[in-house]
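Enquirer: predicted structure and sequence below. I'll ask about it afterward.
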Amino acid sequence: MHRTVVIGAGIAGLSTAYFLQKLEGKEADYLLLESSGHLGGKITTHAGDGFLVEGGPDSFLTQKRAALDLCLELGLGDQLIGSNQSSTASTYVLNKGRLHPMPEGMMLMAPTMMLPVLRSRLISWPGKLRLGLEIFVGRNTSDPDESLGSFVRRRLGSEMLEKIAGPLMAGIHSGDPDSLSLRSTFPMFVELEAKHRSLVLGMMRRKKAQASASAGASAAKPAPAGHTSMFTTLRGGVQQLPDALVSRLASERIRLNCPVHSLIRKGDPARGGGYTVTLASGASVAAENVVFATPAYVTAEILERLDPVLSYNLRKIHYVSTATVSLAFRRSEVTCALSGFGFIVPRSEGRRINACSWSSNKFGHRAPADSVLLRVFIGGVFAEDLAEQDEDALIEVARQELREILGITATPILARAYRWRKSVPQYNIGHGVLVQEIEREIANHPGLYLAGAAYHGSGIPECIQRGAETAAKIHHGGPLPHRAGPQTAHDPSPVALEAPSSS
Ligand SMILES: Cc1cc2nc3c(=O)[nH]c(=O)nc-3n(C[C@H](O)[C@H](O)[C@H](O)COP(=O)(O)OP(=O)(O)OC[C@H]3O[C@@H](n4cnc5c(N)ncnc54)[C@H](O)[C@@H]3O)c2cc1C
């Protein structure tokens, strides 16, 4: 009998195993079971011919400290790199077939400066007028779990939703703004409205406060390179993080190509009876504790026999399919000016891509100097069938769209597509309550734990944080605490969330 079995070796499962080993030292008795032959789950970097292609995440936020702290702890401090500074607008928006710079000072979907929005050709005059009225809009008092779409429409107007917030959300959550829960995806905006009433005024005050705090902090102690950027990555790609975790784990405690099929109770768990984990091969493993670091629908399947009600609730967390296509071209063959980090595509444009990130502009070390690397995002809740096509078809869609939008007719010198079937959990309206219900139910099974992107945030930092908390609970004994507070999903946008600000 193992003390702990961790199912799934994405960043959540690897972090759980790492923190368990850190807490228990040589005594640590865990087994990490992974269905595929890859360690890192959605984190996957391909390096070759001077290019560095990210199939899944390309960066993580440093405001949420867990990923940054883990990198430092693992000795990756000198590998951290921030996004390049862009002297021009960092993000563009496709509008009526043309790329318009995102107004300066946009922070996620809300402006922190009004003048650039007023000057922007992206937003019409009626749209600007409606945005200006935001400071008079009252607080939400009627809907405790408002959708993101309703919030943006109510506060900033329909045009801001259609042209900025909607496509940004499609990039981040691959979801429908009218279904996504504001509280579960961007609790920060719920708090800003509660505190300042006006989002615009709240954002301006927040920005001012942050600027004076960071001026004070950097005067006291300058931040090391790579730590100050909102988006941070690793010189050799995000895969360096799971690789570093794996290098600290005992190799005999990791089993690849080992899908878990089901789980049943072994005896009375209150008396340390534990569980029997059955593998797809038919073999079984006994464990006192089991951590599910798998997508919620996989966890549901494994738990079906043990607790059908819990399974039913886990299946209510809906997932959508997405895909990324990376294309590299010789710089001399790309005639359009690729300044900034990329562009987002509103649905009203009727295109087959959601966004395009200019990877070689965004971060250093992604492509040789004479080449450019672009990454196209396809799929999401409104176009799952597009994302589920085979790799060749995905590459063809990306090439056609770039030809029509950017006029790139050259043959790519590199083309790689990654399909992410049912990969992005949707934090829809009711997500917070559903997760609380799921956690109440799992607490009926001592020794079972849920980690991973489905519950309290899908970003890399949140997955690591949850892994650390799970390991601590196992070490000290007892269930994970219920979190009544807001959940958060991952924030990094495919292109950029913040246009550079001159102030
Ligand atoms: C295209 C894309 C871009 C993203 N960009 C960013 C970004 O820039 N920044 C950011 O912070 N986040 C980003 N995210 C989100 C983030 O990458 C994920 O939420 C996070 O990596 C999920 O980690 P996880 O460990 O919870 O799950 P996963 O990485 O999905 O790992 C789960 C593991 O469980 C395994 N498994 C499944 N079934 C079984 C079974 N039956 N038995 C055993 N093992 C099983 C899987 O093979 C997998 O390895 C992005 C996601 C995608 C898809």
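Expert: Perfect, thanks for sending it.
Enquirer: counting neighbours, what do you get for the nearest residue to Gln465 once chain neighbours are set aside?
Expert: Leaving aside its sequence neighbours, Gln465 sits nearest to Ala66 (CB to CB, 6 or more residues apart in numbering; 4.2 Å). Where C-beta positions appear, they are placed from N, C-alpha and C, glycine not excepted. Counted with other CB atoms under 10 Å, residues neighbouring Ala66 total 23.
Enquirer: pLDDT on the helix or strand hosting Ala66, on average?
Expert: Using DSSP states H and E, Ala66 sits within helix 65-73. Averaged across helix 65-73, the pLDDT comes to 97.
Enquirer: buried ones in it?
Expert: Ala66, Ala67, Leu68, Leu70, Cys71 (16 or more other CB atoms under 10 Å).
Enquirer: ok, back up a step: Ile464 is in contact with the residue nearest to Gln465, correct?
Expert: Yes: if you go by CB atoms under 8 Å, Ala66 and Ile464 touch, sitting 4.2 Å apart.
Enquirer: residues from the stretch 301-450 of the chain in reach of the ligand?
Expert: Thr322, Thr324, Trp420, Ser423, Val424 (CB under 6 Å from any ligand atom).
Enquirer: er, the chain I mean
Expert: For the chain, the residues in contact with the ligand (CB under 6 Å from any ligand atom) are 7-13, 33-36, 41-43, 56-60, 259-260, 293-295, 298, 322, 324, 420, 423-424, 452-453, 458-460, 463, 490, 492.
Enquirer: residue ranges with poor pLDDT in the stretch 151-300 of the chain?
Expert: Applying pLDDT under 70 to the stretch 151-300 of the chain flags residues 214, 216-229, 269-272.
Enquirer: which stretches of it form strands?
Expert: 231-234, 254-255, 260-265, 275-279, 284-292 (DSSP state E, counting those that start in this stretch).
Enquirer: then the stretch 1-150 of the chain?
Expert: Using DSSP E, counting those that start in this stretch, strands in the stretch 1-150 of the chain cover 2-7, 30-33, 45-48, 51-54, 60-61, 80-82, 91-95, 98-101, 106-107, 110-111.
Enquirer: run a quick neighbour tally on Ala213.
Expert: By other CB under 10 Å, 10 other residues sit near Ala213.
Enquirer: in the stretch 351-500 of the chain, which spans are strands?
Expert: 355-357, 371-379, 414-425, 448-450.
Enquirer: so the second one versus strand 414-425, what angle?
Expert: What separates the directions of strand 371-379 and strand 414-425 is an angle of 30 degrees, with axes from the mean of the first three to the mean of the last three CA atoms, to 10 degrees.
Enquirer: can you tell me the strand partners of strand 371-379 and which way each runs?
Expert: Partners of strand 371-379 in the sheet, by DSSP bridges, are strand 319-330 (antiparallel), strand 355-357 (antiparallel).
Enquirer: and among the ones you listed, the most buried is which?
Expert: Mean neighbour count (mean count of other CB atoms under 10 Å) peaks for strand 355-357 among the strands paired with strand 371-379, with a mean of 27.
Enquirer: how many neighbours does the closest residue in space to Cys258 that isn't next to it in sequence have?
Expert: Nearest in space to Cys258, with sequence neighbours left out and distances taken as CB to CB, 6+ apart, is Leu33 at 4.8 Å. Here the number of neighbours of Leu33 (other CB under 10 Å) works out to 24.
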